[in-house]
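K.L.:
Build me a model from this:
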Amino acid sequence: MKDKLARNISIYRKEKGLTQEALAQKLGLTYQAVSKWENAQTMPDLSLLPALSQVLEVSIDKLLGYAYQDKKITIYEEEYKTPEYYWGLEPSRMCYRVLELLPPTKHLRLLDIGCGEGKDAVFFARNGYDVTALDISDAGLDKTKRLADKIGVPIKVLKADILDFRLDSNYDILFSSGVLHYIKPEYREEIFGNYKQFTNTNGIHVFNVFVNKPFIAPPPEKEPNAYKWHSGELLGYYHDWLIPDSSEVVFDCNSSGIPHKHAMTKMIAQKVSEIK
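P.N.:
Down below sits the predicted model:
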């Protein structure tokens, strides 16, 4: 709790363009008090949380690391409430690359970031990985659990906003498909730094991102919380890792019922031991 609160105060203070001193002045405190909060040396008094929440313009729940319950983060929440699986049940092709590169011949922890309705997470669990599935959608997580129960595999599910979530334990595999455009550009360096830090040596990250191209029209889905990526941007965060695979593709999509195209970067990166 203390570490989450410390990190969130720092994140939302910077998002508001406030220095530690400026935040302290608004709260009638010394900047040393704010510094101690952000370094997790102390926690704000409970009586200060309403004022802190008001100044930073985030809910107390969000400050404490709980996902928003009243804000629509994903446009797919209603789609996931239907009996049908919006994205189908066929696993992403990237799943098979994980099996090729890091097969579960030993205990391997895998985190599916933005699992949606769980088709990829369940595929990994069926193949012997120790899977944690993360998403902001209650309906998506419910479907993930139902699908895992139907197949008879264990999966840990976790509700979290990708902007707030940070790793605090190590994984061997981080997997994310069609989700990372929800990360604001100003958060990316810090978030991917966290992902890399809490990845075991020889572990892999298997990610894709939608990239902006001037010759491709914007998608028909109006996503208020989506942020553009550019060609090569994702790869730049992994300049110090081995890159077994990196490609960019343009493909047809009909997910909304309206034919359209996407450009996407696909990347596999592996954390290898440094030479001493």
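
K.L.:
okay, CA-based contacts and neighbour counts for the rest of this
P.N.:
Noted.

K.L.:
got the phi/psi numbers for residue 213?
P.N.:
The phi and psi values for residue 213, taken as degrees, to the nearest 10, are phi -130, psi 130.

K.L.:
likewise residue 203?
P.N.:
When read as degrees, to the nearest 10, the backbone of residue 203 gives phi -70, psi 160.

K.L.:
which residues touch it?
P.N.:
In this structure, residue 203 makes contact with 102, 171, 172, 173, 270, 271, 272, judged by Cα atoms under 8 Å, 6 or more residues apart in numbering.

K.L.:
Pick out the most distant pair among those residues.
P.N.:
171 and 272 (14.2 Å; Cα to Cα).

K.L.:
which outside residues touch stretch 76-94?
P.N.:
For stretch 76-94, the surrounding residues in contact (Cα under 8 Å, 6+ apart) are 117, 119, 120, 123, 137, 138, 139, 140, 143, 206, 255.

K.L.:
Report the rounded mean pLDDT for the host helix or strand of residue 269.
P.N.:
Element membership of residue 269, judged by DSSP states H and E, is strand 260-270. Averaged over strand 260-270, pLDDT sits at 94.

K.L.:
which helices and strands sit right next to that strand?
P.N.:
Applying 3 or more Cα pairs under 8 Å, 6 or more residues apart in numbering; DSSP states H and E, one finds that strand 260-270 makes contact with strand 199-210, helix 233-236, strand 242-253.

K.L.:
Just say which of these is most tucked in.
P.N.:
Among the helices and strands packed on strand 260-270, ranked by average contacts under mean count of other Cα atoms under 10 Å, first place goes to strand 199-210 (a mean of 21).

K.L.:
now the angle from that one to strand 260-270?
P.N.:
Taking axes from the mean of the first three to the mean of the last three Cα atoms, to 10 degrees, one finds strand 199-210 and strand 260-270 inclined to each other by 170 degrees.

K.L.:
So what's the gap between strand 199-210 and the chain middle?
P.N.:
Its chain's C-alpha centre lies 12 Å from the corresponding centre of strand 199-210 when counted by Cα atoms, centre = their mean, to the nearest Å.

K.L.:
Work out the sheet partners of that strand and label each with its direction, please.
P.N.:
Sheet partners assigned to strand 199-210 using DSSP bridges are listed as strand 171-176 (parallel), strand 260-270 (antiparallel).

K.L.:
pretty sure residue 37 contacts residue 8?
P.N.:
No - the criterion here is Cα atoms under 8 Å, and residue 37 misses it with residue 8 at 10.0 Å.

K.L.:
Which residue lies nearest the spatial centre of this protein?
P.N.:
By Cα atoms, centre = their mean, the mean C-alpha position of the chain lies nearest to residue 162, the distance being 3.7 Å.
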